[in-house]
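Visitor: please find the sequence and the predicted model below.
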Amino acid sequence: MKIAVVGGGGREHAIIKKLRENKEIEKIYALPGNGGIAADAECVDIAATDLNEIVRFAKENTVDFAVVAPDDPLVLGAVDALEAAGVPCFGPEKKAAIIEGSKVFSKNLMKKYGIPTARYEVFTDSAAALDYLERAKMPAVIKADGLALGKGVIIAQDHDEASAAVRTIMEDRKFGDSGSQVVVEEFLTGPEVSVLSFTDGKTVVPMVSSMDHKRARDNDEGLNTGGMGTIAPNPYYTAEIAERCMREIFLPTIEAMNAEGRSFKGCLYFGLMLTPEGPKVIEYNCRFGDPETQVVLPLLKSDLLTVMRACREGTLAETPVEFSGGAACCVVMASDGYPERYEKGYEISVDVGIDADVFVAGAKLEGGRLLTNGGRVLGVTATAADLPVAVSKAYEQVEKVRFGNAYYRHDIGQRALAALK
Ligand code: AMP
Ligand code: GLY
């Protein structure tokens, strides 16, 4: 069997490594993959957003199943295009991917169906948004409507920052057309939890919960990044909260999408905040989170391809999805300076016998050497019976990976460990 995985980051590497445990899979193509993924899949130089080329490649190479992992091809309709060409896929159709592609859509969906989320207003012109924000309570949260590489959310501490945010998004169009509308949201507080779930549009099976660390520096200081590390499970997410989320958020979301004629199949990511009033949705993603996937999938015991097929075929209720009872910690190693300016092109070396998964995000192969080629270079994931051991093991194993200009946070998992006590 031949599989194509669309995408080329740490998340895709984690998906590919998990798929490789299935011995019926003879070949995995990564489109485009990266220099590190090349150790586990055949990388093909086709951009993840080049839908025509992706479809052509999948047909020419008689791909049996495709996994579309990143948000942009999903929102562009990669699954629709592949399915129309006869290639079975894991991932939502375009009309369902809008749950991530438009914050205005997702906020209105939650309001219409009574799913708990922050109170909000939508603005299509900047004058009205500026006027509203002059009277709004601070801090306020300002979000560009469309995809913005995870950077379209600004938490304004005062009225000046709020107006600057509206100008950046709506007038300067820093995020392009994503900023033609903004959502202004009430500022919520509480621990954040990421819950990735498998769904076939009827049944929803949450995966083990996780916690991202988005800020660049220790103690949650520095700029927002794509994620500097993750742990799973998230200790704040108790069985009682999980049960409440299923009842108040997960099932109502699946049913709401069905009622709108936008049945969601694939991985639906719930970004939650556990507020004093209960769990609320901060954001939906139409895909596996990154770097959450780098701690969640190593804990999956069931065959990933079987579960992915069940999501597509509508048989998830009859398909076992089991996780090990253990824990995982992923420390992201980045190029110092990320998410702003950084140097790249340094050779990466990994000690033989490293007791961790190394999921590569930003690297290229040159003359047989693996060189850094991005801000986030790789994730080192250790698994263990419990979280304290997983965290200390991840930091021991990080020492076995070396490259020039390497930087990582030293406190991944510390907040979770404090919560355990
Ligand atoms: P998002 O890209 O929607 O995940 O937002 C990025 C980050 O901004 C989230 O992980 C939260 O930490 C924060 N955030 C987003 N919305 C809110 C809100 N309404 N209140 C407080 N923090 C928020
Ligand atoms: N780690 C957050 C995301 O994947 O959007």
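Guide: Perfect, I can see it now. Numbers count the residues shown, from 1 in each chain. Ligands and ions are numbered 1, 2, ... in the order given.

Visitor: near ligand 1, which residues of the stretch 1-150 of the chain are found?
Guide: The stretch 1-150 of the chain comes close to ligand 1 at residues Ala118, Val141, Gly150, as judged by CB under 6 Å from any ligand atom. Every C-beta, even on glycine, is put in place using the N, C-alpha and C of the backbone.

Visitor: output those in a markdown table; the columns should cover distance to ligand 2, pLDDT and secondary structure.
Guide: A markdown table is the format used below for these (distance: CB to the nearest ligand atom, whole Å; pLDDT from 0 to 100; DSSP: H, G, I helix; E, B strand; the rest coil):
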| residue | distance to ligand 2 | pLDDT | secondary structure |
| --- | --- | --- | --- |
| Ala118 | 17 | 97 | coil |
| Val141 | 16 | 94 | strand |
| Gly150 | 6 | 70 | coil |
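
Visitor: let's have these in TSV, adding distance to Leu76.
Guide: Listed next are these as TSV, based on distance: CB to CB, whole Å:
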residue	distance to Leu76
Ala118	28
Val141	27
Gly150	17
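
Visitor: so Met246 sits right up against Thr199, yeah?
Guide: No. With contacts counted by CB atoms under 8 Å, Met246 stays clear of Thr199, the gap being 11.9 Å.

Visitor: more crowded one of those two?
Guide: Per other CB atoms under 10 Å, whichever of Met246 and Thr199 has more neighbours is Thr199, with 24 against 15.

Visitor: what bridges to that one?
Guide: Per DSSP bridges, the residues bridged to Thr199 are Val204, Gly266.

Visitor: against Leu109, how distant is it?
Guide: Here Thr199 is placed at a distance of 15 Å from Leu109 (CB to CB, to the nearest Å).

Visitor: same check on Tyr395?
Guide: From Tyr395 to Leu109 the distance is 41 Å (CB to CB).

Visitor: higher neighbour count, the two?
Guide: Counted by other CB under 10 Å, Tyr395 and Leu109 do not tie: Leu109 has more neighbours, with 23 against 16.

Visitor: pretty sure that one is in a helix, no?
Guide: Yes. Looking at Leu109 with DSSP: H, G, I helix; E, B strand; the rest coil, it is inside a helix.

Visitor: apart from its neighbours in sequence, what residue is nearest it?
Guide: Distances taken as CB to CB, 6 or more residues apart in numbering place Ala256 nearest to Leu109, at 5.5 Å, with adjacent residues excluded.

Visitor: pull out the buried positions in stretch 169-184.
Guide: Ile169, Met170, Lys174, Phe175, Ser178, Gly179, Ser180, Gln181, Val182, Val183, Val184 (16 or more other CB atoms under 10 Å).

Visitor: tell me which two in those residues are the farthest apart.
Guide: Lys174 and Val184 (16.6 Å; CB to CB).

Visitor: picking up where we left off before, for the residue nearest to Leu109, phi and psi?
Guide: When quoted as degrees, to the nearest 10, the phi and psi of Ala256 stand at phi -60, psi -40.

Visitor: check contacts around it.
Guide: Residues in contact with Ala256, defined by CB atoms under 8 Å, 6 or more residues apart in numbering, are Leu109, Met110, Lys112, Tyr113, Ile115.

Visitor: need the pLDDT of it.
Guide: Looking at Ala256, its pLDDT reads 98.

Visitor: same check, this time on Arg409
Guide: On pLDDT, Arg409 comes in at 98.

Visitor: relative to Ala334, how far out is it?
Guide: Separation of Arg409 from Ala334 (CB to CB): 9 Å.

Visitor: one more: Ile99?
Guide: As judged by CB to CB, Ile99 and Ala334 stand 29 Å apart.

Visitor: compare neighbour counts for Arg409 and Ala334 and give me the winner.
Guide: Neighbour totals were compared for Arg409 and Ala334, and Ala334 leads with 26 against 23 (other CB under 10 Å).
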